[in-house]
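Q: What follows is a predicted structure for the sequence shown.
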Amino acid sequence: AIGTFGYRGAGAPFVLYGNEFLDLPARYDAGWYLGIAVDGYRWDPEVRGQQNIAFMPALPMLMRFGGRLVGGHPLWAGQIIVLAACLWAFVYVYRLARSALGDPDRAGFAVALLAAFPFAVFFSAVYTESLFLLCAAGSFHHALRRQPLAAAGWALAAGLTRPNGVLLAVPLAVIAMGRAWPHRPTWRELAMVAAAVIGLGLYASY
């Protein structure tokens, strides 16, 4: 598309490599995540504009460590991470759909619809969408399989991925209460419910 139509306006949002192919992931908010991965968070109370503290830490942390594994290229590490997270998320969605629908073909169709949804394009961008989908689907999958500690791990990651990850506490609480009724939830189930809140709280405290 870039070779055929070129860029809108003044050109590429930002350039990192000076090569059209290598710079493909260098788009818009990917620059914020890249900056955090390389330089960490910065906050200046005198600045009246956008600052990188608005972006949650899970993806840039993975980019930082992943960048060391791919020869010091955190942007491309982020590209690999989001594509892997998208594939893993589709596996969880398939398992959830198969459990709910009882039909492997219909479960596969559910995943196909998710992959073909127009805004699914953002699952392949160096943004948090695919990572958040993975965390949400993973937490629901394990919660419904009575594996609250695994669900808590994914919920904690969701709370560190996006601010709205904290909302996972509500459906997870419904699942926990439904499993435990008429008794009280176990400490493992309570940890599952609290994990997303803790994730957001850790970043807010930082």
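A: Arrived safely.

Q: what comes up buried for stretch 94-112?
A: 94-98, 107, 110-111 (16 or more other C-beta atoms under 10 Å). In this view, the C-beta of every residue, glycine as well, is placed from N, C-alpha and C.

Q: Mind listing residues that contact it?
A: If you take C-beta atoms under 8 Å, 6 or more residues apart in numbering as the criterion, stretch 94-112 is touched by 90, 93, 137, 140-141, 144.

Q: cool, and stretch 75-88?
A: By C-beta under 8 Å, 6+ apart, stretch 75-88 touches 16, 22, 25-26, 30, 33-34, 37, 59, 62-63, 66-67, 69-70, 123-127, 129-131, 133-134, 138.

Q: How about stretch 185-200?
A: 139, 143, 148-149, 151-153, 155-161, 163, 165-169, 172-173, 176-177, 179-180.

Q: Adding distance to residue 193 and pLDDT, write the buried residues of stretch 94-112 out as JSON lines.
A: Formatted as JSON lines, the buried residues of stretch 94-112 follow (distance: C-beta to C-beta, whole Å; pLDDT from 0 to 100):
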{"residue": "94", "distance to residue 193": "25", "pLDDT": "97"}
{"residue": "95", "distance to residue 193": "22", "pLDDT": "96"}
{"residue": "96", "distance to residue 193": "19", "pLDDT": "95"}
{"residue": "97", "distance to residue 193": "24", "pLDDT": "95"}
{"residue": "98", "distance to residue 193": "25", "pLDDT": "94"}
{"residue": "107", "distance to residue 193": "27", "pLDDT": "94"}
{"residue": "110", "distance to residue 193": "26", "pLDDT": "94"}
{"residue": "111", "distance to residue 193": "27", "pLDDT": "95"}
